[in-house]
Each structure stands twice: as C-alpha cells, then as structure tokens.
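Participant: need a 3D model of the sequence below.
(chains A, B, C and D)
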There are 2 protein chains.
Amino acid sequence: MYRIGELAKRCEVTADTVRFYEKSGLLSTPVRSDSGYRLYSQADEAKVKFIRRAKNSGFTLQEIGELLSIRVEPKHHTCEEVKRIADEKIIELEQRIAELKRFQKSLKSLSERCCGGDESAVNCSILDALESQ
Amino acid sequence: MYRIGELAKRCEVTADTVRFYEKSGLLSTPVRSDSGYRLYSQADEAKVKFIRRAKNSGFTLQEIGELLSIRVEPKHHTCEEVKRIADEKIIELEQRIAELKRFQKSLKSLSERCCGGDESAVNCSILDALESQ
DNA sequence: CTTGACGTTGGAGCATACTTCAAGGTTTAT
DNA sequence: ATAAACCTTGAAGTATGCTCCAACGTCAAG
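Facilitator: Got it, this is the predicted structure:
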C-alpha cells in the first residue's frame, strides 16, 4: 500500500486528479492510514490507468464510470447487460476509428500533393484535400 | 447565399455555434445583407463541416484553427510548413487509431468471453479483460 | 527538534466549447 | 397588417475535467 503521491506518479497524473476521480465516483473511497492518508494498491493503479486510457480513447468520465461499474458491482449486472454495453462501445469505436482514418487519408493526400518546398502554400489547402475526396 | 439558420441546418449545428466559431476565429467575418444578416455560401458550409469532422476526430478548436489557417492565408505559409503540420497530425492520428483499436480489442475479448446470459456478471470485468492483454 | 516533503479539507478558479437570455429589428406567410 | 419565424448584440450561464489555494496535520532526515 502506498500513498496518493506514489499512485499519481505511477499513473502519470496529479494527486489532485486522483482525488477528483474519487469525488466523481470513478474510484471508490480508499483505505486510510492511521493518520488519515489515502492508501492505494495495484488494483487502484490499474483502475486509474484504465481511466486514462479510456479518456484518451475519447470516452467521457461518465462513460468510463459506466464501464467501471461493471466491476465495482458485478453482482448487480447481468452478463446480458455487460455484453450489451461492451457491444455498444465496440460499434462506437468502429465508427470513431473509421472517421479518424478518413481524416488521416485526407491529410495524407494533402501531404503527398504538397511539394514540401519553401514556396507559398497556395495549392496546399486541407479543405481542398478533403473536398476532393 | 443563405442565412445563418440555413447554414446551421445544413451543417447540423446551431446558429449559436456558428457565431461562436466566428468569434473564435475559425470562420472569417461573413458578408452581411442590407439588414445586417450574416450571409453564407458553399465554402462556409464546407468549412463548418470540416470543423465538425475534425472535432469529432478529437482535434481541439485551436488545432482546427491551425489547420484552417493554412487556407485562410495560404500565402503566409510555405509548403514546407503545411507538410510539417500535416505529417505531425498524421502521426498523432496513427497513435490515436492504435489506442482505439487496442481498446476495442479489449472490449471484444470481454464480449466474447461473456456468456451474455442473465446470470450475474462476476466474471465479466472490463478491467480483467484489459489486464489479461 | 526543526526543516522539508508530503498529506488533509473545502472551496474557488480555469480552459474549452458551447448555450441561453434579453431586448430588440427583419422577413415571410396568410 | 399582423403573427410567426428568423435575425442582431453583448453578456451571462453551463458542463466537463481538472487545477490551485489556504490553512492545517504528518513524518522522515539531519
């Protein structure tokens, strides 16, 4: 068990962020030392890292909370529910990935058509690249 | 040329959002009718749609402004700059796509392992699915 | 035994991206 | 000609996700 600063360091967030996640209900109220310090372990580390990865993938904290609740109270969720939530998110991600790829394709076509030299970029418009798709 | 409501409708945003984009410098100050109404055309529509798509792909308005500035003042950007910005964003997108795919893979493995029935979800934790990767 | 790093709380503040409002003027349909 | 729908402005308000602060307690090192 280690304190909040250590957890924060391991997860590359600030202690404030950890406390904020707790307040937001994403992390359950932690064990406390005799002096009142929050104490954390591997499981908490995994959770915070999960939150960060999910956030990075574009999920809101609310959505992440939904996903995490599956674990916090697994007895209150049926497998049917879990599968439904997961399948919904899989489709959502599919769409987001497709959109990102489309966007990337536009940028690639822009980059390829752009001479890359030091002349003026009158012919290198990202909108034109997108419009020509 | 049509008014802000029409533009908003075409781009599936509110008129307020359009005015907000203008105030934020993403849209240049539009032509006005005699009575002072903003007037827009195809080009503006393309721009707003671009902003929306880019936002959806996870770019901030500031980043989008950067991308759009390439067009607004193409004479002030060299092809070198344009190529650099585009290539940077391509790499960023590559990473984001990879992260989303990783996330999706976790959800798929969860969904596959989950029986999907109406029993309690004690064995269907998303964190476990992620940890087992 | 004190200095410095770390922890506690509640509450305020901040950046982003809108959204709503008040109080008016304009346009369009009947 | 009048009602409904649309537009104008500036300014305030909202939701999300932190971030910082004050004023204090804890603890390890020298």
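
Participant: how about the residue most central in space within chain A, secondary structure?
Facilitator: For chain A, the residue sitting closest to the mean C-alpha position, by C-alpha atoms, centre = their mean, is A:Lys55 at 1.9 Å. Recorded secondary structure, A:Lys55: helix (DSSP: H, G, I helix; E, B strand; the rest coil).

Participant: excluding chain neighbours, what is closest to it?
Facilitator: Nearest residue to A:Lys55 in three dimensions, chain neighbours excluded: A:Ile64, at 6.7 Å (C-beta to C-beta, 6 or more residues apart in numbering or on different chains). Using the backbone N, CA and C atoms, a C-beta is placed for each residue, glycine as well.

Participant: contacting residues around that neighbour?
Facilitator: A:26, A:50-51, A:54-55 (C-beta atoms under 8 Å, 6 or more residues apart in numbering or on different chains).

Participant: for the closest residue to DNA strand C within chain A, the count of nearby residues, please.
Facilitator: Scanning chain A for the residue nearest DNA strand C gives A:Gly5, at 2.5 Å (criterion: C-beta to the nearest atom of the strand). Per other C-beta atoms under 10 Å in any protein chain shown, the neighbour tally for A:Gly5 reads 13.

Participant: ok, the one 3 residues further on next?
Facilitator: A:Ala8 has 18 neighbours, counted by other C-beta under 10 Å.

Participant: nearest residue to it other than its sequence neighbours?
Facilitator: A:Ala15 (4.6 Å).

Participant: touching, that neighbour and A:Gly5? I think so.
Facilitator: Yes - counting by C-beta atoms under 8 Å, A:Gly5 is a contact partner of A:Ala15 at 5.7 Å.

Participant: ok, the helix or strand harbouring A:Glu66 near DNA strand C or not?
Facilitator: In the assignment (DSSP states H and E), A:Glu66 maps to helix A:61-72. No - using C-beta under 7 Å from any atom of the strand, we find that helix A:61-72 stays clear of DNA strand C, coming within 12.8 Å at best.

Participant: so how far is that helix off the chain centroid?
Facilitator: Between the centre of helix A:61-72 and the centre of its chain there are 12 Å (C-alpha atoms, centre = their mean, to the nearest Å).

Participant: what residues sit buried inside that helix?
Facilitator: Residues A:61, A:63-65, A:67-72 are the ones in helix A:61-72 that count as buried (16 or more other C-beta atoms under 10 Å in any protein chain shown).

Participant: just send the residues you listed back as a markdown table, with pLDDT and distance to DNA strand D too.
Facilitator: Shown next, in a markdown table, are the buried residues of helix A:61-72 (pLDDT from 0 to 100; distance: C-beta to the nearest atom of the strand, whole Å):
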| residue | pLDDT | distance to DNA strand D |
| --- | --- | --- |
| A:Leu61 | 95 | 3 |
| A:Glu63 | 88 | 8 |
| A:Ile64 | 90 | 8 |
| A:Gly65 | 90 | 9 |
| A:Leu67 | 80 | 13 |
| A:Leu68 | 84 | 13 |
| A:Ser69 | 80 | 15 |
| A:Ile70 | 70 | 18 |
| A:Arg71 | 66 | 19 |
| A:Val72 | 63 | 17 |
